[in-house]
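Trainee: Dropping the sequence and predicted coords here.
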Amino acid sequence: MSAALLSVRDLSVEFTTYGQSNAVLHGVSLDIPAHSQVALVGESGSGKSVTMKAIMGLLRQPPATITSGRIFYDGRDLLTMPHRERLALRGTAMSMIFQDPMSSLNPVFTVGDQMGTILKYADRRLGRDRSRRERMARVHEVLAQVRMREPERVSGSYPIMLSGGMRQRVLIAMALLSEPKLLIADEPGTALDVTTQAQILRLLKDLVTERGLALLMITHNLGVVRETCGYVYVMNRGNIVEHGPTAGLFADPREDYTRALIAAVPRLTGGTHFGQQEARP
């Protein structure tokens, strides 16, 4: 892989509860090159979310403690960076797309109010000075970019007034507001039906390709990985157990754990995996 935009090196994390310390990450290393789509895949409890939170600076310390390792973004070590500088990168250089829109969106504010507030604080961190009218114009622009019809109407709507797919698009739009270089997507579309999830994943892949962004996809589903990412890291019990180009990993997995994840991918009639077309006579 080429030079990394984000590089995690030998990251170890433990949690302390009731005086007991438990290690949950064990020397995790991974690279996200610029303009690449990379997946971190593993079952629930494998350490994916802890890794993501450590990257984004969202780990609660305590009870979490980063016991070793370094995290570099664009050559700068996030773990030694002053808190204010690291906070300024969140949402501007690196943005998160969360899996559950209803817990991520505030039900008592309109979409436009929430996106405008995010943009206001991002502008402040970046030293920009935009009027409210200019911020709302940007909100409508980004809503249109995520293929939202009538962005002005959506902007004036409350989250409960939108479908699940529309709310997920709003979360993607929020992540794109300040033009980050890296998107981290945490199980996007998991709560949606299969058809809508496929549309969201296609939209996400198109957006990162068109904008030249890097994508880190956090997921338990190798079917999703096959559709969206060119490189994959497989995580189990806080360790990276295997990694490589997606096509090669599917063709020749080395670890039993990876084989089990591949075997869990839903199959179409005739035994083909999700994402492959069924052979026809």
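Mentor: Ah, there it is.
Trainee: all strands for the stretch 51-200 of the chain, in order.
Mentor: For the stretch 51-200 of the chain, strands defined by DSSP state E, counting those that start in this stretch occupy the ranges 64-73, 76-77, 94-97, 182-186.
Trainee: so M166 sits right up against V154, yeah?
Mentor: Yes: counting by Cβ atoms under 8 Å, V154 is a contact partner of M166 at 6.9 Å. The C-beta positions use only the backbone N, C-alpha and C, and glycine is treated the same way.
Trainee: Can you check which residues contact both of these two?
Mentor: Residues touching both M166 and V154 by Cβ atoms under 8 Å, 6 or more residues apart in numbering: M148.
Trainee: now the helices: where do they sit in the stretch 151-281 of the chain?
Mentor: Here the stretch 151-281 of the chain has its helices, by DSSP state H, counting those that start in this stretch, at 151-155, 164-176, 194-211, 222-228, 246-251, 256-263.
Trainee: any idea how far V38 is from the residue nearest to T117 when sequence neighbours are not counted?
Mentor: The shortest distance from T117 to any non-neighbouring residue, by Cβ to Cβ, 6 or more residues apart in numbering, is to F109 (8.0 Å). Distance, F109 to V38, by Cβ to Cβ, to the nearest Å: 33 Å.
Trainee: Neighbour count for these two, which is higher?
Mentor: The neighbour count for F109 versus V38, taken as other Cβ atoms under 10 Å, is higher for V38 (24 against 14).
Trainee: what pairs with the strand or helix carrying the more buried one, and is each one parallel or antiparallel?
Mentor: If you go by DSSP states H and E, V38 is part of strand 37-41. Note on strand 37-41: by DSSP bridges, its sheet partners are strand 214-219 (parallel), strand 231-236 (parallel).
Trainee: Next, the angle from that strand to helix 194-211.
Mentor: 140 degrees (axes from the mean of the first three to the mean of the last three Cα atoms, to 10 degrees).
Trainee: Just the CA atoms of strand 37-41, as PDB, please.
Mentor: The C-alpha coordinates for strand 37-41 follow below in PDB (Å, rounded to 0.1, in the frame of the first residue of the first chain):
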ATOM      1  CA  GLN A  37     -11.100   2.500   0.700                       C
ATOM      2  CA  VAL A  38     -10.100   0.300   3.600                       C
ATOM      3  CA  ALA A  39     -12.200  -2.000   5.800                       C
ATOM      4  CA  LEU A  40     -11.700  -3.100   9.400                       C
ATOM      5  CA  VAL A  41     -13.900  -6.200   9.900                       C
END
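Trainee: Centre of the chain to that strand, how far?
Mentor: The chain centroid and the centroid of strand 37-41 are separated by 9 Å, computed with Cα atoms, centre = their mean, to the nearest Å.
Trainee: still on that earlier bit, make TSV from the strands of the stretch 51-200 of the chain and add distance to I172, mean pLDDT and mean neighbour count to it.
Mentor: Converted to TSV, the strands of the stretch 51-200 of the chain look like this (distance: least, Cβ to Cβ, whole Å; pLDDT from 0 to 100; neighbours: other Cβ atoms under 10 Å):
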stretch	distance to I172	mean pLDDT	mean neighbour count
strand 64-73	21	95	17
strand 76-77	26	94	12
strand 94-97	6	90	25
strand 182-186	8	93	24
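Trainee: Quick check: which of those is nearest to Q20?
Mentor: Closest of those to Q20 is strand 64-73, at 12.8 Å (criterion: Cβ to Cβ).
Trainee: contacts for the closest one?
Mentor: The contact list for strand 64-73 (Cβ under 8 Å, 6+ apart) reads 4-16, 21, 23, 27-28, 50, 54-55, 59, 77-79, 89, 93-94, 182.
Trainee: quick one: the residue positioned nearest the centre of the chain and L5, what's the gap?
Mentor: Geometric centre of the chain, nearest residue: A185, 1.6 Å, by Cα atoms, centre = their mean. Plainly put, A185 is 15 Å away from L5 if you go by Cβ to Cβ.
Trainee: average model confidence for stretch 79-91?
Mentor: For stretch 79-91, mean pLDDT is 89.
Trainee: quick one: it to chain centroid distance?
Mentor: 18 Å.
Trainee: and what of stretch 116-125?
Mentor: Mean-position distance between stretch 116-125 and its chain equals 21 Å (Cα atoms, centre = their mean).
Trainee: Pull out the buried residues from it.
Mentor: Residues G116, I118, L119, A122, D123, R125 are the ones in stretch 116-125 that count as buried (16 or more other Cβ atoms under 10 Å).
Trainee: which residues does the second one contact?
Mentor: Meaning I118. So I118 contacts G91, M174, L177 (Cβ under 8 Å, 6+ apart).
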